[in-house]
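> all I have is the shape, not the residue letters:
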């Protein structure tokens, strides 16, 4: 996908600027003198973000059996990269103002897709697990931006989810002249995410890319492929199954990752079982 006139594509759509706290946090994480107390101190500066990080960190699929009571505990137990991703999630939700549009299911789906992508990356290899989490979290971030800009976007989204033939983004571009993948790409670039992540977001519905290693680098290919699997894991776990994208991409994902399709099905089923069991354990 080529982007030739970003001013036209973005007309009337506000890309949230990178929050200052995230910029400071990533600078500190990259420092050779990285310090747990400094990281915790930065997050504590915003009570809302701190509370959101602790809440997410205590979800059964992230925190596990150990109850996290403070940001300091979270930093010590979860590590810097995962903490950065939890901050990313909190900031992303607060930065995108959708004028009261009910998007809780969207944010739940993004969170579970990110968690599934991180776990799948450790299974199939080829990408950093925390990078896969970031990709899963941000891959659809253009959707709430389009929801904010276009009142009719829900109908377009429904059509794109139900169409078994055309590419999801082709339907968006036909109706609006842009797509959530393009907006997500610009947000990723604005927020300083890795180029492999930004390029993956831009192309994450173009599954033909997965068959030709010349189009994108191998890490971006695998991020896209893993994310398709993560999405079907998340939607199945959340009982909002929309497997149209999985049907479109399954064969090409198998080529990219070097698995036969039925093995991918087994990996997905096993991951859904793990998610369900973790939730059941938390409820008991």
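Ah, there it is. Just so it is clear, the model here is predicted, and its values are computed rather than measured.
> please count neighbours and contacts with C-alpha atoms only from this point.
Noted.
> where does pLDDT dip in the protein?
Along the chain, segments meeting pLDDT under 70 span 1-11, 63-65, 97-102, 213, 281-284.
> domain ranges for it?
Here the domain parsing of the chain from automatic domain parsing is 17-95, 102-284.
> any idea which of these is most buried?
Of all the domains of the chain, domain 102-284 has the most neighbours on average by mean count of other Cα atoms under 10 Å, namely a mean of 19.
> from the chain's centre, how far out does it sit?
Computed by Cα atoms, centre = their mean, to the nearest Å, the chain-centroid distance of domain 102-284 equals 7 Å.
> also stretch 59-72?
Relative to where its chain is centred, stretch 59-72 has its mean C-alpha point 21 Å off (Cα atoms, centre = their mean).
> what is the end-to-end distance of it?
One end of stretch 59-72 to the other measures 17 Å (Cα to Cα, to the nearest Å).
> what's the answer for stretch 54-72, then?
10 Å.
> so what touches that stretch?
36-37, 40, 43-44, 50, 53, 74, 78, 86, 115, 275, 278-279, 282 (Cα atoms under 8 Å, 6 or more residues apart in numbering).
> who are the contact partners of the closest residue to residue 17 other than its chain neighbours?
Leaving aside its chain neighbours, residue 17 sits nearest to residue 190 (6.4 Å; criterion: Cα to Cα, 6 or more residues apart in numbering). Residues in contact with residue 190 (Cα under 8 Å, 6+ apart) are 15, 17, 18.
> would you turn those into a markdown table with secondary structure and distance to residue 219?
Below are the contacts of residue 190 laid out as a markdown table (DSSP: H, G, I helix; E, B strand; the rest coil; distance: Cα to Cα, whole Å):
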| residue | secondary structure | distance to residue 219 |
| --- | --- | --- |
| 15 | coil | 26 |
| 17 | coil | 26 |
| 18 | coil | 24 |
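> would TSV of those with distance to residue 221 be doable?
Converted to TSV, those look like this (distance: Cα to Cα, whole Å):
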residue	distance to residue 221
15	25
17	27
18	26
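> which stretches of the stretch 1-150 of the chain form helices?
In the stretch 1-150 of the chain, the helices defined using DSSP state H, counting those that start in this stretch lie at 6-9, 20-30, 36-44, 47-57, 71-78, 80-95, 104-124, 129-138, 142-149.
> wait, doesn't residue 268 sit right on residue 228?
No - judged on Cα atoms under 8 Å, residue 268 makes no contact with residue 228 at a distance of 10.3 Å.
> residue 245: which element?
helix 244-257 (DSSP states H and E).
> quick one, that helix and helix 104-124 angle?
Per axes from the mean of the first three to the mean of the last three Cα atoms, to 10 degrees, the angle that helix 244-257 makes with helix 104-124 is 20 degrees.
> now do the following helix or strand past helix 244-257: which elements does it pack against?
Per DSSP H and E, the first helix or strand lying C-terminal to helix 244-257 is helix 261-283. Other helices and strands packing on helix 261-283, by 3 or more Cα pairs under 8 Å, 6 or more residues apart in numbering; DSSP states H and E, are helix 218-237, helix 244-257.
> now do the contacts for residue 225.
If a contact means Cα under 8 Å, 6+ apart, then residue 225 has 210, 253, 256, 257 as its contacts.
> mind doing that once more with 6 Å?
By Cα atoms under 6 Å, 6 or more residues apart in numbering, residue 225 lies in contact with residue 253.
> how near is it to residue 172?
Distance, residue 225 to residue 172, using Cα to Cα: 21 Å.
> repeat for residue 18
Taking Cα to Cα, one finds residue 18 at 26 Å from residue 172.
> again with residue 192
In this view, residue 192 and residue 172 are 25 Å apart by Cα to Cα.
> residue 35 too?
For residue 35 relative to residue 172 (Cα to Cα), the value is 44 Å.
> ok, residue 28 next?
Residue 28 sits 38 Å away from residue 172, going by Cα to Cα.
> before we move on, what about residue 48?
From residue 48 to residue 172 the distance is 34 Å (Cα to Cα).
> next: residue 226.
23 Å.
> before we move on, what about residue 202?
Distance from residue 202 to residue 172, by Cα to Cα: 13 Å.
> and if you look at residue 114?
From residue 114 across to residue 172, the span is 23 Å (Cα to Cα).
> swap in residue 120?
From residue 120 across to residue 172, the span is 29 Å (Cα to Cα).
> ditto for residue 14
Distance from residue 14 to residue 172, counting by Cα to Cα: 18 Å.
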